[in-house]
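# Fold the following and give me the result.
(2 chains)
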There are 2 protein chains.
Amino acid sequence: MAYGDRMSARVRSAERRAEIVRAALEVIAERGYRGASLAAVAERVGLTQQGLLHHFPTKEALLVAVLKERDQWDAVPDSRWRVDLLTSLVEYNAMRPAIIQTFSALLGESVTEGHPAREYFTDRYRRVRDTMAGVLRSAYGDRLPNGLSPERTAPLLVAVMDGLQYQWLLDPESVDMPAAFRDFLLLLGEHVDQRGC
Amino acid sequence: MAYGDRMSARVRSAERRAEIVRAALEVIAERGYRGASLAAVAERVGLTQQGLLHHFPTKEALLVAVLKERDQWDAVPDSRWRVDLLTSLVEYNAMRPAIIQTFSALLGESVTEGHPAREYFTDRYRRVRDTMAGVLRSAYGDRLPNGLSPERTAPLLVAVMDGLQYQWLLDPESVDMPAAFRDFLLLLGEHVDQRGC
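Sure thing, here's the model as predicted:
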(Lines give C-alpha, C1' and ligand atoms only; values in the text may rest on other atoms or scores of the structure.)
Protein backbone atom coordinates (compact mmCIF):
# COMPACT_ATOMS: atom_id res chain seq x y z
CA MET A 1 0.00 0.00 0.00
CA ALA A 2 1.34 3.43 -0.93
CA TYR A 3 2.00 5.99 1.81
CA GLY A 4 -1.00 8.09 0.73
CA ASP A 5 -3.29 5.07 0.83
CA ARG A 6 -2.09 4.09 4.30
CA MET A 7 -2.69 7.63 5.51
CA SER A 8 -6.17 7.80 4.10
CA ALA A 9 -6.99 4.37 5.59
CA ARG A 10 -5.90 5.75 8.98
CA VAL A 11 -7.93 8.89 8.49
CA ARG A 12 -10.99 6.85 7.52
CA SER A 13 -10.54 4.64 10.58
CA ALA A 14 -10.22 7.69 12.85
CA GLU A 15 -13.33 9.22 11.29
CA ARG A 16 -15.21 5.99 11.75
CA ARG A 17 -14.18 5.81 15.42
CA ALA A 18 -15.32 9.40 15.96
CA GLU A 19 -18.65 8.59 14.33
CA ILE A 20 -19.08 5.54 16.58
CA VAL A 21 -18.30 7.58 19.70
CA ARG A 22 -20.89 10.21 18.72
CA ALA A 23 -23.45 7.47 18.09
CA ALA A 24 -22.66 5.90 21.48
CA LEU A 25 -23.22 9.24 23.19
CA GLU A 26 -26.61 9.54 21.48
CA VAL A 27 -27.63 6.02 22.46
CA ILE A 28 -26.53 6.66 26.06
CA ALA A 29 -28.56 9.88 26.15
CA GLU A 30 -31.65 8.06 24.87
CA ARG A 31 -31.42 4.73 26.66
CA GLY A 32 -29.02 5.20 29.56
CA TYR A 33 -25.97 3.21 30.52
CA ARG A 34 -27.59 -0.20 30.47
CA GLY A 35 -29.44 0.36 27.20
CA ALA A 36 -26.25 1.43 25.44
CA SER A 37 -25.34 -1.99 24.06
CA LEU A 38 -22.73 -2.51 21.37
CA ALA A 39 -25.56 -3.88 19.19
CA ALA A 40 -27.57 -0.64 19.53
CA VAL A 41 -24.53 1.50 18.71
CA ALA A 42 -23.59 -0.72 15.74
CA GLU A 43 -27.09 -0.43 14.35
CA ARG A 44 -27.04 3.36 14.60
CA VAL A 45 -23.85 3.66 12.55
CA GLY A 46 -24.85 0.95 10.07
CA LEU A 47 -22.20 -1.56 11.13
CA THR A 48 -22.50 -5.19 12.13
CA GLN A 49 -21.59 -5.86 15.75
CA GLN A 50 -18.48 -7.63 14.39
CA GLY A 51 -17.61 -4.50 12.42
CA LEU A 52 -17.95 -2.38 15.57
CA LEU A 53 -15.73 -4.75 17.55
CA HIS A 54 -12.98 -4.05 15.02
CA HIS A 55 -12.89 -0.46 16.30
CA PHE A 56 -13.79 -1.07 19.97
CA PRO A 57 -13.15 -4.57 21.31
CA THR A 58 -15.45 -4.19 24.35
CA LYS A 59 -18.31 -2.02 25.60
CA GLU A 60 -15.93 -0.68 28.26
CA ALA A 61 -13.42 0.42 25.61
CA LEU A 62 -16.17 2.28 23.78
CA LEU A 63 -17.41 3.94 26.98
CA VAL A 64 -13.89 5.05 27.88
CA ALA A 65 -13.65 6.61 24.40
CA VAL A 66 -16.94 8.43 25.06
CA LEU A 67 -15.68 9.76 28.40
CA LYS A 68 -12.37 10.86 26.87
CA GLU A 69 -14.31 12.73 24.20
CA ARG A 70 -16.36 14.40 26.92
CA ASP A 71 -13.16 15.34 28.78
CA GLN A 72 -11.97 17.09 25.63
CA TRP A 73 -15.20 18.98 25.14
CA ASP A 74 -15.32 20.04 28.77
CA ALA A 75 -11.67 21.02 28.87
CA VAL A 76 -10.91 24.61 29.76
CA PRO A 77 -7.36 25.84 29.11
CA ASP A 78 -5.58 25.76 32.47
CA SER A 79 -4.99 29.52 32.36
CA ARG A 80 -8.72 30.20 31.90
CA TRP A 81 -10.11 28.12 34.79
CA ARG A 82 -11.70 30.03 37.63
CA VAL A 83 -13.33 28.66 40.76
CA ASP A 84 -16.73 30.03 39.73
CA LEU A 85 -16.54 28.11 36.43
CA LEU A 86 -16.68 24.94 38.53
CA THR A 87 -20.18 25.94 39.62
CA SER A 88 -21.15 26.30 35.96
CA LEU A 89 -19.72 22.86 35.22
CA VAL A 90 -21.78 21.30 38.02
CA GLU A 91 -24.91 23.14 36.79
CA TYR A 92 -24.21 21.88 33.29
CA ASN A 93 -23.74 18.32 34.57
CA ALA A 94 -27.10 18.50 36.34
CA MET A 95 -28.69 18.94 32.91
CA ARG A 96 -27.12 15.83 31.38
CA PRO A 97 -27.86 12.91 33.67
CA ALA A 98 -27.18 10.25 31.01
CA ILE A 99 -23.49 11.02 30.61
CA ILE A 100 -23.08 11.55 34.36
CA GLN A 101 -24.73 8.18 34.96
CA THR A 102 -22.33 6.59 32.47
CA PHE A 103 -19.35 8.24 34.14
CA SER A 104 -20.50 7.22 37.62
CA ALA A 105 -21.35 3.63 36.70
CA LEU A 106 -18.07 3.08 34.89
CA LEU A 107 -16.11 4.71 37.73
CA GLY A 108 -17.76 2.24 40.09
CA GLU A 109 -16.82 -0.74 37.92
CA SER A 110 -13.30 0.56 37.39
CA VAL A 111 -12.24 -0.07 41.00
CA THR A 112 -12.68 -3.84 40.53
CA GLU A 113 -9.78 -6.14 39.67
CA GLY A 114 -8.29 -5.75 36.22
CA HIS A 115 -11.09 -3.58 34.88
CA PRO A 116 -10.37 -2.09 31.42
CA ALA A 117 -11.37 1.44 32.53
CA ARG A 118 -9.12 1.48 35.59
CA GLU A 119 -6.14 3.07 33.84
CA TYR A 120 -8.32 5.78 32.30
CA PHE A 121 -9.79 6.77 35.66
CA THR A 122 -6.49 6.56 37.54
CA ASP A 123 -4.80 8.83 34.98
CA ARG A 124 -7.80 11.14 34.83
CA TYR A 125 -7.88 11.68 38.59
CA ARG A 126 -4.16 12.47 38.73
CA ARG A 127 -4.63 15.01 35.97
CA VAL A 128 -7.82 16.50 37.40
CA ARG A 129 -6.32 16.85 40.89
CA ASP A 130 -3.37 18.72 39.33
CA THR A 131 -5.63 20.98 37.29
CA MET A 132 -7.82 21.76 40.29
CA ALA A 133 -4.82 22.51 42.48
CA GLY A 134 -3.76 25.00 39.80
CA VAL A 135 -7.22 26.59 39.73
CA LEU A 136 -7.21 26.94 43.51
CA ARG A 137 -3.68 28.41 43.48
CA SER A 138 -4.73 31.03 40.90
CA ALA A 139 -7.70 31.97 43.08
CA TYR A 140 -6.13 31.85 46.53
CA GLY A 141 -2.35 31.64 46.29
CA ASP A 142 -0.46 29.12 48.41
CA ARG A 143 -3.06 28.94 51.18
CA LEU A 144 -6.82 28.93 51.08
CA PRO A 145 -8.62 31.13 53.63
CA ASN A 146 -9.00 28.07 55.86
CA GLY A 147 -5.27 27.37 55.83
CA LEU A 148 -5.13 24.35 53.52
CA SER A 149 -2.84 24.29 50.51
CA PRO A 150 -4.31 23.98 46.98
CA GLU A 151 -2.79 20.48 46.68
CA ARG A 152 -4.54 19.29 49.85
CA THR A 153 -7.83 20.87 48.84
CA ALA A 154 -7.94 19.53 45.27
CA PRO A 155 -8.76 15.86 46.16
CA LEU A 156 -11.61 17.10 48.37
CA LEU A 157 -13.02 19.29 45.61
CA VAL A 158 -12.97 16.36 43.17
CA ALA A 159 -14.40 13.97 45.78
CA VAL A 160 -17.32 16.29 46.53
CA MET A 161 -18.19 16.59 42.84
CA ASP A 162 -18.16 12.80 42.37
CA GLY A 163 -19.89 11.96 45.63
CA LEU A 164 -22.69 14.47 45.03
CA GLN A 165 -23.27 12.95 41.58
CA TYR A 166 -24.10 9.59 43.17
CA GLN A 167 -26.48 11.10 45.72
CA TRP A 168 -28.14 13.18 42.99
CA LEU A 169 -28.46 10.34 40.46
CA LEU A 170 -30.08 8.14 43.12
CA ASP A 171 -32.40 10.78 44.51
CA PRO A 172 -32.70 13.94 42.37
CA GLU A 173 -35.72 15.17 44.39
CA SER A 174 -33.75 15.23 47.64
CA VAL A 175 -30.36 16.43 46.40
CA ASP A 176 -29.87 19.79 44.68
CA MET A 177 -26.42 19.09 43.28
CA PRO A 178 -25.48 22.61 42.13
CA ALA A 179 -26.67 24.18 45.40
CA ALA A 180 -24.72 21.62 47.42
CA PHE A 181 -21.61 22.28 45.38
CA ARG A 182 -21.93 26.03 45.96
CA ASP A 183 -22.11 25.25 49.68
CA PHE A 184 -18.80 23.41 49.34
CA LEU A 185 -17.23 26.52 47.80
CA LEU A 186 -18.40 28.41 50.90
CA LEU A 187 -16.47 25.89 52.99
CA LEU A 188 -13.36 26.74 50.99
CA GLY A 189 -13.67 30.21 52.44
CA GLU A 190 -15.11 32.04 49.44
CA HIS A 191 -17.19 34.24 51.77
CA VAL A 192 -14.81 34.50 54.65
CA ASP A 193 -14.91 38.32 54.57
CA GLN A 194 -18.59 38.30 55.45
CA ARG A 195 -17.99 36.56 58.74
CA GLY A 196 -16.95 39.67 60.60
CA CYS A 197 -13.30 38.72 60.90
CA MET B 1 -46.87 -27.86 60.07
CA ALA B 2 -47.18 -27.03 63.76
CA TYR B 3 -46.43 -23.46 64.94
CA GLY B 4 -43.16 -24.54 66.59
CA ASP B 5 -42.02 -26.26 63.40
CA ARG B 6 -42.79 -23.21 61.30
CA MET B 7 -40.85 -21.03 63.73
CA SER B 8 -37.86 -23.30 63.74
CA ALA B 9 -37.93 -23.46 59.94
CA ARG B 10 -37.83 -19.66 59.88
CA VAL B 11 -35.03 -19.57 62.41
CA ARG B 12 -33.05 -22.11 60.39
CA SER B 13 -33.58 -20.08 57.22
CA ALA B 14 -32.45 -16.88 58.96
CA GLU B 15 -29.39 -18.67 60.34
CA ARG B 16 -28.59 -20.02 56.91
CA ARG B 17 -28.86 -16.56 55.39
CA ALA B 18 -26.55 -15.13 58.04
CA GLU B 19 -24.06 -17.89 57.36
CA ILE B 20 -24.17 -17.16 53.61
CA VAL B 21 -23.63 -13.43 54.21
CA ARG B 22 -20.59 -14.14 56.41
CA ALA B 23 -19.21 -16.51 53.75
CA ALA B 24 -19.78 -13.86 51.06
CA LEU B 25 -17.86 -11.31 53.13
CA GLU B 26 -14.95 -13.77 53.44
CA VAL B 27 -14.94 -14.51 49.72
CA ILE B 28 -15.03 -10.77 48.95
CA ALA B 29 -12.11 -10.17 51.31
CA GLU B 30 -10.07 -12.92 49.64
CA ARG B 31 -10.98 -12.48 45.99
CA GLY B 32 -12.48 -9.01 45.65
CA TYR B 33 -15.74 -7.93 44.11
CA ARG B 34 -15.32 -9.72 40.81
CA GLY B 35 -14.08 -12.95 42.33
CA ALA B 36 -17.06 -13.13 44.69
CA SER B 37 -19.26 -15.28 42.48
CA LEU B 38 -22.38 -17.02 43.72
CA ALA B 39 -20.63 -20.30 42.89
CA ALA B 40 -17.69 -19.47 45.17
CA VAL B 41 -19.98 -18.46 48.02
CA ALA B 42 -22.16 -21.58 47.57
CA GLU B 43 -19.09 -23.78 47.70
CA ARG B 44 -17.90 -22.18 50.92
CA VAL B 45 -21.17 -22.87 52.75
CA GLY B 46 -21.60 -26.34 51.23
CA LEU B 47 -24.64 -25.49 49.11
CA THR B 48 -25.30 -26.02 45.45
CA GLN B 49 -25.65 -22.80 43.47
CA GLN B 50 -29.34 -23.64 43.15
CA GLY B 51 -29.57 -23.96 46.93
CA LEU B 52 -27.94 -20.56 47.36
CA LEU B 53 -30.37 -18.97 44.87
CA HIS B 54 -33.21 -20.09 47.16
CA HIS B 55 -31.87 -17.63 49.77
CA PHE B 56 -30.52 -14.90 47.44
CA PRO B 57 -31.93 -14.80 43.92
CA THR B 58 -29.06 -12.71 42.46
CA LYS B 59 -25.49 -11.73 43.21
CA GLU B 60 -26.73 -8.15 43.72
CA ALA B 61 -29.25 -9.29 46.37
CA LEU B 62 -26.47 -11.10 48.22
CA LEU B 63 -24.15 -8.08 48.03
CA VAL B 64 -26.89 -5.78 49.34
CA ALA B 65 -27.31 -8.19 52.26
CA VAL B 66 -23.55 -7.99 52.90
CA LEU B 67 -23.63 -4.18 52.87
CA LYS B 68 -26.66 -4.09 55.19
CA GLU B 69 -24.80 -6.37 57.59
CA ARG B 70 -21.83 -4.02 57.45
CA ASP B 71 -24.14 -1.04 58.13
CA GLN B 72 -25.33 -2.81 61.27
CA TRP B 73 -21.81 -3.59 62.48
CA ASP B 74 -20.64 -0.05 61.82
CA ALA B 75 -23.70 1.55 63.38
CA VAL B 76 -23.09 3.87 66.31
CA PRO B 77 -26.13 4.85 68.39
CA ASP B 78 -27.12 8.34 67.24
CA SER B 79 -26.50 9.78 70.69
CA ARG B 80 -22.93 8.46 70.73
CA TRP B 81 -21.71 9.80 67.38
CA ARG B 82 -19.06 12.48 67.49
CA VAL B 83 -17.35 14.22 64.58
CA ASP B 84 -13.97 12.75 65.54
CA LEU B 85 -15.43 9.23 65.32
CA LEU B 86 -15.87 9.88 61.60
CA THR B 87 -12.09 10.08 61.29
CA SER B 88 -11.83 6.71 63.01
CA LEU B 89 -14.38 5.27 60.60
CA VAL B 90 -12.39 6.50 57.59
CA GLU B 91 -9.17 5.10 59.09
CA TYR B 92 -10.92 1.80 59.65
CA ASN B 93 -12.22 1.80 56.07
CA ALA B 94 -8.69 2.35 54.77
CA MET B 95 -7.78 -1.00 56.33
CA ARG B 96 -10.52 -2.96 54.58
CA PRO B 97 -10.28 -2.25 50.87
CA ALA B 98 -12.30 -5.32 49.82
CA ILE B 99 -15.56 -4.23 51.43
CA ILE B 100 -15.01 -0.62 50.35
CA GLN B 101 -14.41 -1.84 46.81
CA THR B 102 -17.65 -3.84 46.98
CA PHE B 103 -19.56 -0.84 48.30
CA SER B 104 -18.11 1.48 45.66
CA ALA B 105 -18.63 -0.89 42.73
CA LEU B 106 -22.20 -1.64 43.72
CA LEU B 107 -22.94 2.05 44.31
CA GLY B 108 -21.72 2.71 40.77
CA GLU B 109 -23.96 0.03 39.30
CA SER B 110 -26.93 1.13 41.38
CA VAL B 111 -27.38 4.41 39.47
CA THR B 112 -28.24 2.50 36.29
CA GLU B 113 -31.84 1.83 35.22
CA GLY B 114 -33.80 -0.60 37.37
CA HIS B 115 -30.78 -1.87 39.30
CA PRO B 116 -31.68 -4.12 42.25
CA ALA B 117 -29.43 -2.20 44.66
CA ARG B 118 -30.89 1.21 43.82
CA GLU B 119 -33.48 1.19 46.58
CA TYR B 120 -30.94 0.12 49.19
CA PHE B 121 -28.58 2.97 48.30
CA THR B 122 -31.32 5.59 47.98
CA ASP B 123 -32.68 4.68 51.43
CA ARG B 124 -29.22 4.44 52.89
CA TYR B 125 -28.20 7.92 51.73
CA ARG B 126 -31.37 9.49 53.12
CA ARG B 127 -30.70 7.85 56.46
CA VAL B 128 -26.97 8.63 56.48
CA ARG B 129 -27.55 12.30 55.59
CA ASP B 130 -30.00 12.53 58.51
CA THR B 131 -27.60 10.84 60.91
CA MET B 132 -24.72 13.06 59.84
CA ALA B 133 -26.83 16.20 60.18
CA GLY B 134 -27.57 15.07 63.74
CA VAL B 135 -23.88 14.49 64.46
CA LEU B 136 -23.00 17.94 63.14
CA ARG B 137 -25.81 19.56 65.15
CA SER B 138 -24.55 17.92 68.36
CA ALA B 139 -21.06 19.22 67.64
CA TYR B 140 -21.84 22.71 66.35
CA GLY B 141 -25.45 23.62 67.05
CA ASP B 142 -27.57 25.15 64.30
CA ARG B 143 -24.67 26.71 62.40
CA LEU B 144 -21.20 25.43 61.68
CA PRO B 145 -18.32 27.91 62.13
CA ASN B 146 -18.48 28.65 58.40
CA GLY B 147 -22.17 29.53 58.57
CA LEU B 148 -23.73 26.45 56.93
CA SER B 149 -26.47 24.51 58.66
CA PRO B 150 -25.92 20.84 59.62
CA GLU B 151 -28.50 19.81 56.98
CA ARG B 152 -26.61 21.59 54.20
CA THR B 153 -23.26 20.24 55.36
CA ALA B 154 -24.31 16.59 55.70
CA PRO B 155 -24.53 15.79 51.94
CA LEU B 156 -21.05 17.28 51.48
CA LEU B 157 -19.61 15.20 54.31
CA VAL B 158 -21.07 12.03 52.81
CA ALA B 159 -19.97 13.00 49.29
CA VAL B 160 -16.38 13.56 50.40
CA MET B 161 -16.24 10.16 52.11
CA ASP B 162 -17.55 8.40 48.98
CA GLY B 163 -15.54 10.41 46.47
CA LEU B 164 -12.29 9.91 48.38
CA GLN B 165 -12.93 6.16 48.41
CA TYR B 166 -12.89 6.07 44.60
CA GLN B 167 -9.69 8.10 44.35
CA TRP B 168 -8.06 5.95 47.02
CA LEU B 169 -9.17 2.59 45.55
CA LEU B 170 -7.81 3.61 42.14
CA ASP B 171 -4.55 5.06 43.40
CA PRO B 172 -3.71 4.23 47.01
CA GLU B 173 -0.12 5.48 46.63
CA SER B 174 -1.27 8.98 45.66
CA VAL B 175 -4.28 9.40 47.94
CA ASP B 176 -4.02 9.26 51.74
CA MET B 177 -7.72 8.85 52.42
CA PRO B 178 -7.72 9.42 56.21
CA ALA B 179 -5.46 12.49 55.92
CA ALA B 180 -7.66 13.94 53.19
CA PHE B 181 -10.75 13.38 55.29
CA ARG B 182 -9.14 15.13 58.27
CA ASP B 183 -8.49 18.05 55.94
CA PHE B 184 -12.18 18.14 55.15
CA LEU B 185 -12.97 18.40 58.86
CA LEU B 186 -10.67 21.45 58.94
CA LEU B 187 -12.83 22.96 56.19
CA LEU B 188 -15.84 22.50 58.44
CA GLY B 189 -14.19 24.97 60.75
CA GLU B 190 -12.85 22.62 63.38
CA HIS B 191 -9.82 24.89 63.80
CA VAL B 192 -11.47 28.21 63.17
CA ASP B 193 -10.18 29.64 66.48
CA GLN B 194 -6.60 29.37 65.24
CA ARG B 195 -7.25 31.76 62.36
CA GLY B 196 -6.92 34.88 64.43
CA CYS B 197 -10.57 35.89 64.13
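
# Output the below-cut-off pLDDT ranges for chain A.
A:1, A:190-197 (pLDDT under 70).

# In it, which residue sits closest to chain B?
Residue of chain A nearest chain B, by CB to the nearest CB: residue A:108 (1.1 Å). Every residue, glycine included, has its C-beta placed from N, CA and C.

# Look at that residue and say how many residues are nearby.
Per other CB atoms under 10 Å in any protein chain shown, the neighbour tally for residue A:108 reads 26.

# Same check on residue A:73?
There are 8 residues near residue A:73, going by other CB under 10 Å.

# Next: residue A:180.
Neighbour number of residue A:180 under other CB under 10 Å is 21.

# Show me chain A divided up by domain.
A:1-59, A:76-197 (automatic domain parsing).

# what's the most buried one of those?
domain A:76-197 (a mean of 18; mean count of other CB atoms under 10 Å in any protein chain shown).

# and that domain, how far from the chain's centre?
11 Å (CA atoms, centre = their mean, to the nearest Å).

# one step back: out of the domains of chain A, which is closest to residue B:100?
Set against residue B:100 and scored by CB to CB, the domains of chain A come closest in domain A:76-197, at 8.6 Å.

# quick revisit: ok, which of the domains of chain A comes nearest residue B:187?
Judging the domains of chain A by CB to CB, what sits closest to residue B:187 is domain A:76-197, at 4.5 Å.

# Helices of chain A, start to end?
Per DSSP state H, chain A carries helices over the ranges A:3-35, A:38-45, A:49-55, A:59-74, A:83-93, A:97-110, A:118-140, A:150-170, A:177-187.

# Tell me which of the domains of chain A lies nearest to residue B:113.
domain A:1-59 (4.9 Å).

# quick one: that closest one near chain B?
Yes - legend: contact between domain A:1-59 and chain B by CB under 8 Å from any CB of the partner chain is shown at A:32, A:33, A:34, A:35.

# Turn the domains of chain A into a markdown table, including distance to residue B:21.
Below are those laid out as a markdown table (distance: least, CB to CB, whole Å):
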| stretch | distance to residue B:21 |
| --- | --- |
| domain A:1-59 | 27 |
| domain A:76-197 | 20 |
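
# Quick one: closest of those domains to residue A:67.
The nearest among the domains of chain A, by CB to CB, is domain A:76-197 at 6.0 Å.

# OK, contacts around the residue lying closest to residue A:169 once chain neighbours are set aside?
Excluding its sequence neighbours, the residue lying closest to residue A:169 (CB to CB, 6 or more residues apart in numbering or on different chains) is residue B:111, at 4.1 Å. Contact analysis of residue B:111 by CB atoms under 8 Å, 6 or more residues apart in numbering or on different chains lists A:33, A:101, A:104, A:105, A:108, A:166, A:169, A:170, B:118.

# switch to 10 Å and redo it
For residue B:111, the contact set (CB atoms under 10 Å, 6 or more residues apart in numbering or on different chains) comprises A:32-33, A:97, A:100-105, A:108, A:165-170, B:117-118, B:121-122.

# now residue A:95
residue A:178.

# Would you mind measuring from residue A:155 to residue A:37?
35 Å (CB to CB, to the nearest Å).

# Then residue A:167?
28 Å.

# do residue A:188 as well
In terms of CB to CB, residue A:188 sits 41 Å off from residue A:37.

# hang on, the earlier thing: could you verify my assumption that the residue of chain A closest to chain B touches residue B:166?
Yes - between residue A:108 and residue B:166 a contact is recorded at 7.9 Å, counting by CB atoms under 10 Å.

# quick one: common contacting residues for those two?
A:166, B:104, B:107, B:108.

# would you turn these into TSV with distance to residue B:68?
Output for these, formatted as TSV (distance: CB to CB, whole Å):
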residue	distance to residue B:68
A:166	18
B:104	16
B:107	14
B:108	18
